[in-house]
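Q: Show me how the following folds:
(2 chains)
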Amino acid sequence: GENVEQHPSTLSVQEGDSAVIKCTYSDSASNYFPWYKQELGKRPQLIIDIRSNVGEKKDQRIAVTLNKTAKHFSLHITETQPEDSAVYFCAASWVPGSARQLTFGSGTQLTVLP
Amino acid sequence: ETGVTQTPRHLVMGMTNKKSLKCEQHLGHNAMYWYKQSAKKPLELMFVYNFKEQTENNSVPSRFSPECPNSSHLFLHLHTLQPEDSALYLCASSTTETGDTQYFGPGTRLTVL
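A: Model prediction:
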């Protein structure tokens, strides 16, 4: 099955700096890579995703890059703000049938220091 | 609350109790999922239902029994649980026709004494 590794487990940055979180996956058949943000006591929410036919995707201050050859993908947050503080999870999935199964990384606790 | 709802939000049970968790989605989705979230561990997929049919059971112990009576409702029946089963149980839903995004419910915080 798929295995997703995520680094770092904790990350502290100064407000305004950039943050980068990296994930690697094992199954070359995986073709969908979402990123979720989970604030303390709240549900995970999708912030951005990328498919295997695209190398990079941006949404305002958030971007995701994918390197299929190396089987790794990264989340980039620029101009970080205190409200970006949360746990971020990467995931990888394929479609064994008609419902996707997501395999999640272990999460990164991002703290943005004012 | 719209989207995906879960009840109860908190549950404390003894090892001999029987309880059920409920999930309801108001998004018109056809796939529903149960996940377990333990401290300092990745989200673990437990069960997948697509159009009410179970399509995956990720080696989950039989003390967890899912039920999906229709595409909008999903239950997780619990019996003779162990303390290590204490965790946040998250339900999610998605549509397989137009997208892959899974929408999560707020979770049930389960404590097994």
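
Q: Assumed A:E83 was part of a helix.
A: Yes: when classified by DSSP: H, G, I helix; E, B strand; the rest coil, A:E83 is found to be part of a helix.

Q: Distance of it relative to A:Q45?
A: With distances taken as C-beta to C-beta, to the nearest Å, A:E83 is found 13 Å from A:Q45. Quick note: C-beta positions are derived from backbone N, CA and C, even for glycine.

Q: Kindly report the same for B:P61.
A: From B:P61 across to A:Q45, the span is 29 Å (C-beta to C-beta).

Q: cool, and A:A86?
A: According to C-beta to C-beta, A:A86 and A:Q45 sit 9 Å apart.

Q: which residues are common contacts for these two?
A: In terms of C-beta atoms under 8 Å, 6 or more residues apart in numbering or on different chains, A:A86 and A:Q45 are both contacted by the residues A:K37, A:Q38.

Q: mind checking pLDDT for B:K41?
A: Per-residue confidence (pLDDT) for B:K41: 81.

Q: one step back: more crowded one of A:E83 and A:Q45?
A: When neighbours are counted by other C-beta atoms under 10 Å in any protein chain shown, A:Q45 comes out ahead of the other of A:E83 and A:Q45, with 13 against 8.

Q: Tell me which residues touch the more buried one, please.
A: Residues in contact with A:Q45, defined by C-beta under 8 Å, 6+ apart, are A:Y36, A:K37, A:Q38, B:F104.

Q: So what sits opposite A:T10 in the bridge?
A: Beta-bridge partners recorded for A:T10 (DSSP bridges): A:Q109.

Q: Please, where are all the strands along chain A?
A: Ranges of strands within chain A are A:4-7, A:10-14, A:19-25, A:32-38, A:45-51, A:56-59, A:62-67, A:72-77, A:86-94, A:101-104, A:108-113, based on DSSP state E.
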